[in-house]
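Asks: What follows is a predicted structure for the sequence shown.
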Amino acid sequence: MDRTSKPITGGCLCGAVRFSIDAEPMLTRVCWCRLCQHIGAGSATVNVVFPAGTLAIEGPVTDYVCAAESGNTMHRRFCPTCGSHLFSAPEQRADLVIIRAGALDDPNLANPGVTIWTSEAPRWACFDPDLPQTSHQPLPPPAK
């Protein structure tokens, strides 16, 4: 896919927040940590990682800061009107932004490569048998 001609776009449920990204996804993970289960209303989240400098946001977002199970300080950003969770950004890796696949206009751009935090998943969780699994936090993508 040629990102130079067409950025990846997305937004929140009510349309108050829109975003575009001028980069290919670096990686996509399905995450079952307890924090993601809260964000995903009980299920896992599908998280697409991009270089932070490629994200442009239109509209207001609210920032909720918390510690992730990995120990990283995360900025979780969402629409203040409809509450749609859109982005996460780790303070320790300011070069990355994590976008929720459900916020993408084309969620098929998210091709998960691994399922993480399987140790935190409820017993009824379904895992794609074709994806590698890790019980906790894997190493982040290399810094560029």
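Replies: Now that the structure is in, tell me what you want to look at.
Asks: residue boundaries of the helices in this protein?
Replies: Residue ranges of the helices in the chain, as given by DSSP state H, are 34-39.
Asks: same for the least confident helix or strand in the chain by mean pLDDT, what does it pack against?
Replies: Counting by mean pLDDT, DSSP states H and E, the chain has its least confident helix or strand at helix 34-39, which shows a mean of 91. When contacts are defined as 3 or more Cβ pairs under 8 Å, 6 or more residues apart in numbering; DSSP states H and E, helix 34-39 sits against strand 45-51. No exception for glycine: its C-beta is placed from N, CA and C like everyone else's.
Asks: And for W117, the neighbour number?
Replies: 24 (other Cβ atoms under 10 Å).
Asks: tell me the contacts of it?
Replies: Applying Cβ atoms under 8 Å, 6 or more residues apart in numbering, we find W117 in contact with 31-33, 36, 69, 134-137.
Asks: repeat that with 7 Å
Replies: The neighbours of W117, taking Cβ atoms under 7 Å, 6 or more residues apart in numbering as the test, are 31-33, 69, 136-137.
Asks: Tell me the spacing between the nearest residue to V49 once chain neighbours are set aside and Q92.
Replies: Spatially, and ignoring its direct neighbours in sequence, V49 is nearest to M26 (4.6 Å; Cβ to Cβ, 6 or more residues apart in numbering). Noted for M26: a distance of 16 Å to Q92, by Cβ to Cβ, to the nearest Å.
Asks: more neighbours, these two?
Replies: M26 (17 against 12).
Asks: Which per-residue confidence value corresponds to that one?
Replies: In this model, M26 is scored at 92, pLDDT.
Asks: How about the backbone phi and psi for it?
Replies: phi -80, psi -40 (degrees, to the nearest 10).
Asks: Please put the alpha-carbon coordinates of stretch 22-36 into CSV.
Replies: What follows is stretch 22-36, C-alpha atoms only, in CSV (Å, rounded to 0.1, in the frame of the first residue of the first chain):
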residue,chain,number,x,y,z
ASP,A,22,1.2,9.1,6.9
ALA,A,23,3.0,5.9,7.6
GLU,A,24,2.7,2.1,7.4
PRO,A,25,1.9,0.3,10.6
MET,A,26,5.0,-0.9,12.4
LEU,A,27,3.2,-3.8,14.1
THR,A,28,-0.2,-4.8,15.4
ARG,A,29,-0.9,-6.7,18.6
VAL,A,30,-4.0,-8.2,20.2
CYS,A,31,-3.7,-7.4,23.9
TRP,A,32,-5.4,-9.1,26.8
CYS,A,33,-3.8,-7.1,29.7
ARG,A,34,-6.4,-6.1,32.3
LEU,A,35,-6.1,-2.4,31.3
CYS,A,36,-7.0,-3.3,27.7
